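Engineer: Just to be clear, the model below is a prediction. Sequence and coordinates:
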Amino acid sequence: MTTYTICIFTENTFGLLNKITILFTRRRINIESLTVSETERKGVSRYTITIKHEKREEVEKLVKQIRKVVEVLAVFGYLDNEVVYNEIALFKIATPIGTRPLDIETINKIYKAWVVYWGLDYVVIEKAGDEAEILDFFRYIKPYGILEFVKSGRVAVGKTPNGLVEFLPEEAHWEYYL
Amino acid sequence: MENHSTMIAQQDTVAIDTPVAQETPATNGKAVADTPRILSGAQALMESLIAEGTEVIFGYPGGAIMPTYDALYDYTDRLDHILVRHEQGAGHAAQGYARTSGKPGVCLVTSGPGGTNLVTPIADAIIDCTPLVCIIGQVKSTLLGTDAFQETDIIGVTTPVCKWNYQITHADEVPEVLAKAFYIATSGKPGPVVIDFARDAQVGAMTKAFEYKKVESLVSYKPRVVPKDEHVERAADLINNAKKPYILFGHGVLISGAMEEFKAFVEKTDIPCASTLLGLSAMPIDHPNYMGWLGMHGNYGTNVLTTQADVIIAIGMRFDDRVTGDATKYIRQAKVIHIEIDPSEIDKIIKADAPVVGDAKEVLKKLLPLVKENNHAAWKSEFKKYDVIEDEKITQRELKPEGEIKMAEVVRMLSDKTKGEACIIADVGQHQMIAARYYQFKKPHSYIASGGLGTMGFAIPAAFGAKKGATEREVVAFIGDGCFQMTIQELGTIAQSGLAVKLIILNNNYLGMVRQWQQLFFEKRYSYVELQNPDFITIAKGFGIQGHTCSDRENLSDSLDTLLKSDKPYLLEVMVEKEENVFPMVPAGAAVADIKLEC
């Protein structure tokens, strides 16, 4: 199984998420992670979807089907080595009095993770990185007692000198967010 | 929740002739006529339909769409409306209309069950690339998501089966959305679009003057019509160097209106060609380069010789599994040129060596000067060898049988009587394949059937839709006894509309195609395929449609004459052989070379 990152640029309209996800469902392709956000252009949304698949040609067919959705402006499919990508995870760790204190220096220096909130009996640690790095930190912090763990979908940018928005249809006069 | 009450008129109808100026008198004393009239959303819809050249609406009223029907009452001089008996009928009728008239079919139905009843025709239209604009009522936008009476999430329901959909919740959106809908439905690869029209948007007044601007392009949707030069050149190169080139053409030739260009291309290159089911009638059957049709029940030579061609030129077709059989064994030896407007079809089933994305007509125009004149007489004669075998083993037996009447002889006799110039509608099953095999099409847009979805019940509504779209043509529908009962209520629509549609039931008292499969592949275990049929003629007469039954061969010719001579709708029931099988047949999942000529 190979991981693919699919970046989709769309107009920001109602119901588009559904129009896109049913294309995966119909082909029995499971979405591993999904992130939707605004882009540097007004009215344009960016979907970052990761999937695992054995056949590249099936992924290429899927990309063409996504392009067919009327509101979709552009679609790009990438292998992991073609993108810079990250996820962000939050760990809520119990810190009642009398337990082993957290080793903040190790957390910061070794794992590049940061405490972003101090509660009375717990802290929230933020860790950004790829899946492996987050899993690594998960294993490290687990003995301290994880109350909650949540991870975002992947965000990714292509390893190309151009911005992907350059590929959007030209005649529209896209406004930039400043 | 946002409150639109300031923008929406509180009464159910907005008087059409009440200009704003009368409510807020102009102080400068200028003529009232200068002030643009303000329309309700429903009126704006009517004006939009007229601006798009709509002549007829196929529909059925109901709660949530009533304000629109009320507006329609004032437009009866400019918009014809055909009241169907079930929303499925509206959809298939609109499909039939679109396929003979070349214009998008317009449907108007209510929310909830009205919309869900329309889902089958929408799914049928997307797979057969038929342009439809489906306007479906919806509950007031304030009631959305509350399980209100007749509320269905029709956007959610139709998303997988339509080309585009949109929910209108304010009257101001109407002209812009309609313009977009018509553009999307008819451009690129045509298809159905759905407009979910909330009741308050129908009732509410526009806050600005109605202005209609046709959409001619969209930022996010750019179908490639004119092909890239390098793609055409690569295709021409392959064609010019081919020893045994073979053209497979489909519905795309008819949709793009490329019949003339196609004929010129075929004649210059002298390449033999074969049609898909929906491509039928794009090429007259008596053209020397026309070899027949493809697929599961297509001709013998046309299927088998796909294994010998060195270059396949696929035009406006999508390698459906009913054409390819086992796709892993299909045209493996050949270089493939795939001319297709939808890029997602390229490499989907069959890898293309030379894909050409573009409209068939534009591609053929560019291709014609690049291809060399040629002579493929020897290669064409190979098809004839197979034709002789097929003719002897199947066709002659079907056309000159003894005993009970066979479907084939009915179709061929009608073909002769109409000189191959009628518009044939077929339902789904054995009679559909027989109609395709034995009608000798001379004119384009003459075979209208549900190809991709295989929707039983398609023919009755599609027939009157087709007649509405081409009133000057003879429209004859071949319908099985099973199919007939799926949309039998539309006889009422035909009677009320007075359209002289001719219906022929080929009655074998079986769900014939399923029975054939059970005979051939399920050891003759006939599981629920025999029908106890009603008296179809009495039923037709009950609806006000004349008809009669023909059970003897000697009456067949007279029966068909009676049918054709009628200037009113007419139903002819022909009792045919009960356990007739359609051959040739490529068994499902088999390679086309394994085509069977008999059991």
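Structural biologist: Arrived safely.

Engineer: Got the domain ranges for chain A?
Structural biologist: Under the assignment automatic domain parsing, the domains of chain A span A:2-83+A:156-167, A:86-153.

Engineer: Redo these as TSV? Include distance to B:Q95, mean neighbour count and mean pLDDT.
Structural biologist: To be clear about C-beta, it is placed using only N, CA and C from the backbone, and glycine gets the same treatment. Shown next, in TSV, are the domains of chain A (distance: least, Cβ to Cβ, whole Å; neighbours: other Cβ atoms under 10 Å in any protein chain shown; pLDDT from 0 to 100):
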stretch	distance to B:Q95	mean neighbour count	mean pLDDT
domain A:2-83+A:156-167	21	16	92
domain A:86-153	41	14	95
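
Engineer: who wins for proximity to chain B among the ones you listed?
Structural biologist: Among those, domain A:2-83+A:156-167 comes nearest to chain B, with 3.8 Å by Cβ to the nearest Cβ.

Engineer: Number of residues surrounding B:A540?
Structural biologist: 25 (other Cβ atoms under 10 Å in any protein chain shown).

Engineer: any idea which element it lies in?
Structural biologist: If you go by DSSP states H and E, B:A540 is part of helix B:536-543.

Engineer: Show the pLDDT at the residue in chain B that chain A sits nearest to.
Structural biologist: Chain A sits closest to B:S344 of chain B, with a gap of 3.8 Å, by Cβ to the nearest Cβ. In the prediction, the pLDDT value recorded for B:S344 is 94.

Engineer: from what I can see, it looks like it's in a helix, true?
Structural biologist: Yes. Checked against DSSP: H, G, I helix; E, B strand; the rest coil, B:S344 lies within a helix.

Engineer: My guess is it contacts A:R67. True?
Structural biologist: Yes. Taking contacts as Cβ atoms under 8 Å, B:S344 lies within contact range of A:R67: 7.1 Å.

Engineer: any idea which helix or strand carries the nearest residue to the residue of chain B closest to chain A once chain neighbours are set aside?
Structural biologist: Using Cβ to Cβ, 6 or more residues apart in numbering or on different chains and skipping residues adjacent in sequence, the residue nearest B:S344 is A:K64, 3.8 Å away. Using DSSP H and E, A:K64 sits within helix A:56-68.

Engineer: again, but for B:G451
Structural biologist: Using DSSP H and E, no helix or strand contains B:G451.

Engineer: Please name the residues that touch it.
Structural biologist: B:127-128, B:251, B:276-278, B:320 (Cβ atoms under 8 Å, 6 or more residues apart in numbering or on different chains).

Engineer: What's the ChimeraX line that selects buried ones from these?
Structural biologist: Command for ChimeraX that selects the buried part of these, burial taken from 16 or more other Cβ atoms under 10 Å in any protein chain shown:
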select /B:127,128,251,276,277,278,320
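
Engineer: any chance of the contacts of B:G451 in CSV, plus secondary structure and distance to chain A?
Structural biologist: Below are the contacts of B:G451 laid out as CSV (DSSP: H, G, I helix; E, B strand; the rest coil; distance: Cβ to the nearest Cβ, whole Å):
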residue, secondary structure, distance to chain A
B:I127, helix, 13
B:D128, coil, 16
B:H251, helix, 18
B:T276, coil, 21
B:L277, coil, 23
B:L278, coil, 20
B:D320, coil, 16
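
Engineer: wait, which of the contacts of B:G451 is closest to B:Q516?
Structural biologist: Among those, B:L277 lies closest to B:Q516 (Cβ to Cβ), at 17.1 Å.

Engineer: how about the nearest residue to that closest one, chain neighbours excluded?
Structural biologist: B:G451 (5.0 Å).

Engineer: For B:V219, find the nearest of the domains of chain A.
Structural biologist: Per Cβ to Cβ, nearest to B:V219 of these: domain A:2-83+A:156-167, 7.0 Å.

Engineer: returning to that earlier point: other SSEs contacting the helix holding A:K64?
Structural biologist: Helix A:56-68 is packed against strand A:2-11, helix A:16-26, strand A:72-79, with contacts defined by 3 or more Cβ pairs under 8 Å, 6 or more residues apart in numbering or on different chains; DSSP states H and E.

Engineer: Near chain B, which residues of chain A are found?
Structural biologist: Within chain A, the positions lying close to chain B (Cβ under 8 Å from any Cβ of the partner chain) are A:10-11, A:14-15, A:18-19, A:22, A:26, A:57, A:60-61, A:64-65, A:67-68, A:70-73, A:169, A:171-172.

Engineer: May I have stretch B:458-477 exported as PDB, CA atoms only?
Structural biologist: Provided in PDB are the C-alpha atoms of stretch B:458-477 (Å, rounded to 0.1, in the frame of the first residue of the first chain):
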ATOM      1  CA  PHE B 458     -38.400   3.800 -20.100                       C
ATOM      2  CA  ALA B 459     -40.200   3.400 -23.400                       C
ATOM      3  CA  ILE B 460     -43.800   4.700 -22.900                       C
ATOM      4  CA  PRO B 461     -42.800   8.000 -21.400                       C
ATOM      5  CA  ALA B 462     -39.700   8.400 -23.700                       C
ATOM      6  CA  ALA B 463     -41.900   7.700 -26.700                       C
ATOM      7  CA  PHE B 464     -44.200  10.600 -26.100                       C
ATOM      8  CA  GLY B 465     -41.300  12.800 -25.100                       C
ATOM      9  CA  ALA B 466     -39.500  11.900 -28.400                       C
ATOM     10  CA  LYS B 467     -42.700  12.600 -30.300                       C
ATOM     11  CA  LYS B 468     -43.000  16.000 -28.600                       C
ATOM     12  CA  GLY B 469     -39.400  16.700 -29.700                       C
ATOM     13  CA  ALA B 470     -40.000  15.600 -33.300                       C
ATOM     14  CA  THR B 471     -43.700  15.900 -34.100                       C
ATOM     15  CA  GLU B 472     -43.100  15.400 -37.800                       C
ATOM     16  CA  ARG B 473     -41.500  12.000 -37.300                       C
ATOM     17  CA  GLU B 474     -43.100   8.600 -37.000                       C
ATOM     18  CA  VAL B 475     -42.400   7.500 -33.400                       C
ATOM     19  CA  VAL B 476     -42.800   3.800 -32.700                       C
ATOM     20  CA  ALA B 477     -42.000   2.100 -29.400                       C
END
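
Engineer: Quick check: buried residues in that stretch?
Structural biologist: Here stretch B:458-477 shows B:458-470, B:473-477 as buried, counting by 16+ other Cβ under 10 Å.

Engineer: In the sheet, which strands lie alongside the helix or strand containing B:E573, parallel or antiparallel?
Structural biologist: Using DSSP H and E, B:E573 falls within strand B:570-575. Note on strand B:570-575: by DSSP bridges, its sheet partners are strand B:502-507 (parallel), strand B:546-550 (parallel).

Engineer: thinking again about what came up before, give me the contact list for the helix holding B:A540.
Structural biologist: With Cβ under 8 Å, 6+ apart as the test, helix B:536-543 has contacts from B:481, B:484, B:488, B:491-492, B:494-495, B:505, B:507, B:546-549, B:571, B:573.

Engineer: same check, this time on stretch B:261-270
Structural biologist: Stretch B:261-270 is contacted by residues B:239, B:245, B:247, B:249, B:253, B:273, B:282-283, B:287, B:289, B:315, B:360-361, B:364-365, B:367-368, B:371-377, B:380 when judged by Cβ under 8 Å, 6+ apart.

Engineer: Can you check what angle separates the helix or strand harbouring B:Q518 from strand B:502-507?
Structural biologist: Assessed by DSSP H and E, B:Q518 sits inside helix B:512-521. Taking axes from the mean of the first three to the mean of the last three Cα atoms, to 10 degrees, helix B:512-521 and strand B:502-507 form an angle of 30 degrees between their directions.
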